[in-house]
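Engineer: I need the structure of the sequence given here:
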Amino acid sequence: MSEQAQNHNHHPAVTTLLEKHPEIQAVDLLISDLNGVTRGKRVECSALDHAMDDGINMPASLFSLDITGKTVEECALGLDIGEPDKLCLLSPQSLTLAPWQRRPTAQALMSMYEPDGQPYFADPRHVLSNITKRLTDMGLTPVVAVELEFYLIDTKRDSKGFPQPPISPRTGKREEHTQVYSINILDEYSAFLEDIATYTAAQNIPADTAVAEYAPGQFEINLKHQDDPLAACDNAILLKRVIKAVAEKHGMEASFMAKPYEEEAGSGTHIHVSLVDEQGNNVLAEEGREYSDKMEHAIAGLLDFMPASMAFFCPNINSYRRMRPEYYVPMAPNWGVDNRTTSLRIPASGNNAKRIEHRVSGADANPYLVMASILAGIHYGLSQAQAPSKPRIEGNAFAQDGVGLPTRMHDALQKMQDSELLREYFSPAFIELFTVCKREELSEFERHVTALESQWFLTTV
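Structural biologist: The predicted structure follows:
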């Protein structure tokens with residue numbers, strides 16, 4: 001046992017950490033805001049036991065920050081109520097090493113609570129937990145996996161100030177071509193990918209396969225399936241943190257922006273979900289059939305939820321730039337078997353792995369809110385026990401189904417605000433908070449005069 005662990009009566013999670021890493025000097029205490037951006041505080045290791053036992057204070061207005069980090073006062077969580085603090089409690093199982101830091105540092109995730117111990121309504125982790133409980137109360141456990149796409153980009157912008165692909169560590173040349181599933185590309189970036197594998201293993205993040213995607217510098221890293229949706233989303237948040245840190249170490253930047261390049265593929269977040277009953281059976285499968293009735297019920301609910309949930313799946317102005325069919329981005333609520341042109345795909349698999357892949361969300365989405373919306377849709381579908389409103393798609397969905405989802409942020413927010421289903425599952429207060437915050441962000445963006453506007457209109461009108 002380390003001297004540091006011997007000399008104090010530590011919280012068990014702290015003892016475990018210090019047994020493995022007695023060199024730890026500081027701890028990053030992290031909480032995810034509405035945008036999925038991690039905020040928090042850094043404390044000295046000597047303060048960790050106190051933080052673990054008693055929590056720390058953070059302002060409630062943390063959940064009214066826009067994507068730039070500015071408080072949206074219209075959300076009424078800031079100055080109007082005196083900028084109050086709320087209690088944030090640490091998740092002991094999330095306490096791990098942050099191995100990329102020069103100063104030996106650990107990290108832990110937090111959730112926000114009211115003074116009386118009730119979960120704070122605006123915390124996305126609580127939102128997801130509440131909706132997951134609806135399924136577990138039915139005797140069903142969601143088994144989920146998250147896939148994240150991202151771009152590696154050069155730290156230097158091009159001559160016009162736009163992002164550009166990185167210089168290959170092996171060839172010394174800038175990436176220019178798409179080589180989807182290329183092993184050679186993975187070899188070129190092997191040092192980057194090996195560091196991700198090392199750091200995720202050190203943090204018990206169940207990272208699985210790495211894939212070269214559809215554009216220069218684009219990759220996908222998959223997380224293994226887990227029977228705890230909250231833990232799966234925690235790992236997605238922490239994986240993003242790892243990828244960004246490793247990219248910086250290798251002289252690059254990592255971006256989860258939905259559409260960083262106008263004429264290249266966007267980056268998505270794909271969620272895989274199956275459901276297991278109390279006897280361990282996958283209820284989406286049925287012996288002797290392609291899939292079960294419950295599979296159809298779950299799909300029906302997901303289709304019903306999809307248009308109103310688009311502001312969760314595509315939460316930023318840039319998110320909607322990604323919605324172009326030639327890049328395999330779903331444009332309508334539809335479903336199919338082993339069909340990557342549909343919003344909901346039933347991958348080819350045996351009964352144990354029978355599942356739904358939800359393919360709509362951008363990489364910029366908050367995974368807690370994406371997962372919450374998906375599980376809410378599944379719960380609703382199972383509760384209604386109805387068949388899907390649309391037949392399954394065979395062949396190219398883009399050629400058959402057109403556009404049936406909101407493709408502008410304003411329209412998506414309006415559908416969300418008008419949805420009684422979302423208000424019932426997420427609470428009216430949360431939907432109001434989210435839409436007010438995002439409407440103000442949209443308004444701020446639309447007040448900005450862009451370079452393209454000047455190019456088009458300055459001397460022509």
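
Engineer: How about the contacts made by the residue nearest the centre of the chain?
Structural biologist: For the chain, residue 367 is the residue whose C-alpha lies nearest the centre (C-alpha atoms, centre = their mean; 2.5 Å). Residues in contact with residue 367, defined by C-beta atoms under 8 Å, 6 or more residues apart in numbering, are 36, 146, 232, 233, 236, 237, 269. Every residue, glycine included, has its C-beta placed from N, CA and C.

Engineer: just how off-centre is stretch 355-364 within its chain?
Structural biologist: Its chain's C-alpha centre and that of stretch 355-364 lie 10 Å apart, by C-alpha atoms, centre = their mean, to the nearest Å.

Engineer: cool, and stretch 18-35?
Structural biologist: Its chain's average C-alpha position is 20 Å from that of stretch 18-35, according to C-alpha atoms, centre = their mean.

Engineer: In that stretch, which residues are buried?
Structural biologist: Neighbour counts using 16 or more other C-beta atoms under 10 Å place 18, 21, 24, 26-35 of stretch 18-35 among the buried residues.

Engineer: Could you tell me which of the contacts of residue 367 are located in helices?
Structural biologist: The helices, defined by DSSP state H, take in 232, 233, 236, 237 from the contacts of residue 367.

Engineer: Can you show me the helices along the stretch 251-400 of the chain?
Structural biologist: Shown for the stretch 251-400 of the chain, the helices assigned by DSSP state H, counting those that start in this stretch span residues 293-313, 367-384, 397-401.

Engineer: Phi, psi for residue 26 please.
Structural biologist: The phi and psi values for residue 26, taken as degrees, to the nearest 10, are phi -140, psi 160.

Engineer: Give me the nearest residue to it, chain neighbours excluded.
Structural biologist: For residue 26, ignoring the flanking residues on the chain, the nearest one in space by C-beta to C-beta, 6 or more residues apart in numbering is residue 105 at 4.8 Å.

Engineer: cool, residue 206 as well?
Structural biologist: The shortest distance from residue 206 to any residue other than its chain neighbours is 4.0 Å, reached at residue 224 (C-beta to C-beta, 6+ apart).

Engineer: could you list every residue that touches that neighbour?
Structural biologist: Residues touching residue 224, when contacts are defined by C-beta under 8 Å, 6+ apart, comprise 145, 206, 207, 208.

Engineer: Helix or strand for the residue nearest to the third one when sequence neighbours are not counted, just tell me which one.
Structural biologist: Spatial nearest neighbour of residue 207, chain neighbours left out: residue 200 (4.1 Å); criterion: C-beta to C-beta, 6+ apart. In the assignment (DSSP states H and E), residue 200 maps to helix 190-202.

Engineer: CA atoms only: put the following helix or strand past that helix into CSV for me.
Structural biologist: The helix or strand immediately downstream of helix 190-202 is strand 207-212, counting by DSSP H and E. Listed next in CSV are the C-alpha coordinates belonging to strand 207-212 (Å, rounded to 0.1, in the frame of the first residue of the first chain):
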residue,chain,number,x,y,z
ALA,A,207,-12.9,1.2,-26.9
ASP,A,208,-13.0,-1.4,-29.6
THR,A,209,-12.4,-1.0,-33.3
ALA,A,210,-10.9,1.9,-35.2
VAL,A,211,-11.9,2.5,-38.8
ALA,A,212,-10.7,4.9,-41.5
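
Engineer: which helices and strands does strand 207-212 pack with?
Structural biologist: With contacts defined as 3 or more C-beta pairs under 8 Å, 6 or more residues apart in numbering; DSSP states H and E, strand 207-212 has these neighbours: helix 183-188, helix 190-202, strand 218-223.

Engineer: Mind giving me the packing neighbours of whatever helix or strand residue 242 lives in?
Structural biologist: Residue 242 is part of helix 229-249, with elements assigned from DSSP H and E. If contacts are counted by 3+ C-beta pairs under 8 Å, 6+ apart, helix 229-249 sits against strand 26-32, strand 105-113, helix 124-136, strand 141-154, helix 190-202, strand 218-223, strand 252-255, helix 367-384.

Engineer: Dump the contacts of residue 224 to CSV, plus neighbour count and distance to residue 385.
Structural biologist: Compiled in CSV, the contacts of residue 224 are given as follows (neighbours: other C-beta atoms under 10 Å; distance: C-beta to C-beta, whole Å):
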residue, neighbour count, distance to residue 385
145, 20, 26
206, 17, 33
207, 22, 37
208, 13, 34
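
Engineer: hmm, which two among those residues are most spread apart?
Structural biologist: When C-beta to C-beta is used, the two most widely separated members of the contacts of residue 224 are 145 and 207, lying 11.1 Å apart.

Engineer: which among the contacts of residue 224 gets closest to residue 404?
Structural biologist: Of all the contacts of residue 224, the one sitting nearest residue 404 is residue 145; the distance, using C-beta to C-beta, is 26.3 Å.

Engineer: Correct me if wrong: residue 278 contacts residue 139.
Structural biologist: Yes. At 4.9 Å, residue 278 counts as touching residue 139 under the criterion of C-beta atoms under 8 Å.

Engineer: Report pLDDT for residue 94.
Structural biologist: Reading off the confidence values, residue 94 has pLDDT 94.

Engineer: who's in contact with it?
Structural biologist: The neighbourhood of residue 94, defined by C-beta under 8 Å, 6+ apart, consists of 107, 108, 109, 234, 238.

Engineer: repeat that with 6 Å
Structural biologist: For residue 94, the set of contacting residues under the criterion of C-beta atoms under 6 Å, 6 or more residues apart in numbering consists of 108, 109.

Engineer: do you know how far it is from residue 17?
Structural biologist: 11 Å (C-beta to C-beta, to the nearest Å).

Engineer: tally of neighbours for residue 97?
Structural biologist: Neighbours of residue 97 under the rule other C-beta atoms under 10 Å: 19.

Engineer: no wait, residue 321
Structural biologist: Applying the criterion other C-beta under 10 Å, we find 18 residues in the vicinity of residue 321.

Engineer: hang on, the earlier thing: pick the most buried one from the helices and strands packed on helix 229-249.
Structural biologist: The highest average neighbour count among the helices and strands packed on helix 229-249, using mean count of other C-beta atoms under 10 Å, belongs to helix 367-384 at a mean of 25.

Engineer: how far off strand 26-32 does that one point, in degrees?
Structural biologist: 40 degrees (axes from the mean of the first three to the mean of the last three C-alpha atoms, to 10 degrees).

Engineer: pLDDT below threshold where in the protein?
Structural biologist: Counting by pLDDT under 70, the low-confidence segments of the chain come to 1-9, 177-183, 213-214.

Engineer: coming back round to it: show me what the helix holding residue 200 packs onto, helices and strands only.
Structural biologist: helix 229-249 (3 or more C-beta pairs under 6 Å, 6 or more residues apart in numbering; DSSP states H and E).

Engineer: hmm, who's touching the helix it packs on?
Structural biologist: For helix 229-249, the surrounding residues in contact (C-beta under 6 Å, 6+ apart) are 32, 100, 109, 128-129, 132, 142, 144, 146, 195-196, 199-200, 205, 223, 226, 253-254, 367-368, 371.
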